[in-house]
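Asks: Quick one: sequence plus predicted model below, questions after.
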Amino acid sequence: MKKTNTIYSSCKRTLLYLTLCFSLTSCGISKSVHHIPEVKQYSLEVPEVNRINDSTFSYNQNYLTKNKQQLWELYIKGNPLQLGYNNGALTQRLMQKQEEIFFSKVEGFVPSKFKQRLLRGFLKWYNRKMYLNVREDYQAELYGLSQYSSDRYDFIAPKYLRNLYLHGAHDIGHAMQDLAMVGCTSLAVWNENTEDGDLLIGRNFDFYVGDDFAKNKLVEFVQPEEGIPYMSVSWPGMIGVVSGMNKEGITVTINAGKSKIPLTAKTPISLVTREILQYAKNIDEAIDIAKKRKVFVSESILVGSAADKNAVIIEVSPKNFGVYKVKNTSRVLCTNHFQSDAYKDDKRNQKHIEESHSKYRYEKLQELLQEEKKITPEKMASILRNRSGLKDKPIGYGNEKALNQLLAHHAVIFSPQKRLVWVSSSPYQLGEFVCYDLNEIFSGNPLPQSLRAKTELNIKRDPFSDSEEFQNYELSKMYGKEINEAADDKNTLLGDDVIPSYQAMNPDFWLVYYQSGKYYFSKKEYSQAKIAFEKALTKEITTVPDRKNVEKYLKKTLNKLK
């Protein structure tokens, strides 16, 4: 179910853009796009998975198990090719389900075979250099993983290529103009700002591709043959890292910056952060790794370090590179705009600060840290779950100006010096945060039960998730979809009680009035449309372009009433 009309359109644009990539592979691709990695140098034992029960599977010292909070936990070890095979063999059912969810959306958005044929010339050019920008060991791992992909979508692209291109989905999504899936928030505090003085990091990962896509969250614990063991939180079929920490106490989280639609694929950002976790022991080493990779979108990478007892933001883009280091303070805040000197004259970044919701969320973080002294993991969870606007103003559930936009794929809290990590469970970041101890998990002899060794440190479920208000919010998403579809279909009329009920479910959210106004406008009920658009303008509207859009509709409505 799409969260709002804005997100529906954004998801559609993302999937359409990726369809450009996938639909081309079925016809006339250049040799470079047919590239298959060399894997003969790696020893391989094809896994024979032992099914212990419906939610626990094993192969040698590799495990997949599901905890009571409904998080899947994966532990894998080996050389790059073996990692891929172990991952694929254990998660095959989950990985194929993710593929099905994704491609069912693609088929729904691009049903026309004719339109697909029109797009086929694009990928030959667009993806011609991606494999040149991905490490060979990661290509080998992806190759192993891809052997367990579904045969169902081979007509779209060969398995390995599908896996490679899907690792750019996050980048493509963040590159789309005015995308609603990019409201990630992260922060790091230490010294006087935490109860014990240790470094503490929190993040919301607001990457939304539909509720179904977020159901099977995967917490991965990876012990590579070379490099540093690490954990990450993502979804089945993903070897890149969007949120993670290694055994040395290095953490990475990514927040999108403002990007143009990329003209050619290079290194997916999640593979840059994966490399940082696997090979960096301190901030300087993390910066060196990020510097040498060519990315194709703008991204902030918040890096925390136990060794440095510090955190910085590495800001990367196709044509620029900067590092934001704080002075005379012990906290770093990160939303979706750049802060380093390298970007101080960047017009795209300046416009994004002025027109988006990034600055608003940044100021909300500042406000909460003024109120919440001596941050603990529990207080960090409270910050990440905060749904109000500045000065506690009610701004409606699902507003992108809130730190908790009620669409997060996951939230994570890191304590790098203690090697502890807390991962949220559904719904969004409202469910129980499950605590993991990397020292214990990577102790040398992991068992499924050791992955949950710190349950006594879990952070309780947010009571809001069991409230009537939350149930109304979830119901309002379905109403919103129905109203949008009715507005687009001149033959569909809603019952008289539908829109009043919809507005009553989330009365502080500007979008419900805007969507109501569009419905009334489409049915030529201009007096009702006027009331709805004027009401929307009294609420906290997410962005400057959104406000202008409401004003445009109101002006059109007033002209109709003349």
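Replies: Noted; the coordinates are in hand. Numbers count the residues shown, from 1 in each chain.

Asks: where does the stretch 151-300 of the chain have low pLDDT?
Replies: Where the stretch 151-300 of the chain drops to pLDDT under 70, the residues are 156, 169-170, 172-182, 259-262.

Asks: no, scratch that, I was asking about the stretch 401-550 of the chain
Replies: Within the stretch 401-550 of the chain, the ranges that satisfy pLDDT under 70 run 445-453.

Asks: what about the closest residue to Tyr479 other than its chain neighbours, is that helix, strand or coil?
Replies: With Cβ to Cβ, 6 or more residues apart in numbering as the criterion, Tyr479 has its nearest non-adjacent residue at 4.2 Å, and that residue is Tyr502. For every residue, glycine as well, the C-beta is placed using N, CA and C. Taking DSSP: H, G, I helix; E, B strand; the rest coil as the rule, one finds Tyr502 in the helix state.

Asks: from memory Tyr502 sits against Ser516, does it?
Replies: Yes: counting by Cβ atoms under 8 Å, Ser516 is a contact partner of Tyr502 at 6.8 Å.

Asks: Endpoints of stretch 222-233, how far apart?
Replies: End-to-end distance of stretch 222-233: 11 Å, with Cα to Cα, to the nearest Å as the criterion.

Asks: Now do the buried residues in that stretch.
Replies: For stretch 222-233, a neighbour-count test (16 or more other Cβ atoms under 10 Å) marks 222-224, 227-233 as buried.

Asks: Stretch 171-190 spans what distance, first to last residue?
Replies: With Cα to Cα as the measure, stretch 171-190 spans 30 Å from end to end.

Asks: what sits in contact with each of Tyr502 and Ser516?
Replies: Here Tyr502 and Ser516 have Ile483 as joint contacts, going by Cβ atoms under 8 Å, 6 or more residues apart in numbering.

Asks: Let me see the ranges of the helices in the stretch 201-350 of the chain.
Replies: Ranges of helices in the stretch 201-350 of the chain, per DSSP state H, counting those that start in this stretch, are 269-279, 283-291, 347-355.

Asks: what's the most buried one of these?
Replies: Highest mean neighbour count of the helices of the stretch 201-350 of the chain: helix 269-279, a mean of 25 (counted as mean count of other Cβ atoms under 10 Å).

Asks: so how far is that helix off the chain centroid?
Replies: 16 Å (Cα atoms, centre = their mean, to the nearest Å).

Asks: Touching that helix from outside, list them.
Replies: 134-135, 138, 167, 170-171, 224, 226-228, 230, 232, 234, 238-242, 244-246, 250, 252, 254, 285-286, 289-290, 293, 295, 297, 299, 301, 303, 316.

Asks: Now the buried members of these.
Replies: 134-135, 138, 167, 170-171, 224, 227-228, 230, 232, 234, 238-242, 244-246, 250, 252, 254, 285-286, 289-290, 293, 295, 297, 299, 301, 303, 316.

Asks: Quick check: nearest residue in space to the spatially most central residue of the chain, chain neighbours excluded?
Replies: Residue closest to the average C-alpha location in the chain (Cα atoms, centre = their mean): Phe207, at 2.9 Å. Spatially, and ignoring its direct neighbours in sequence, Phe207 is nearest to His409 (5.0 Å; Cβ to Cβ, 6+ apart).
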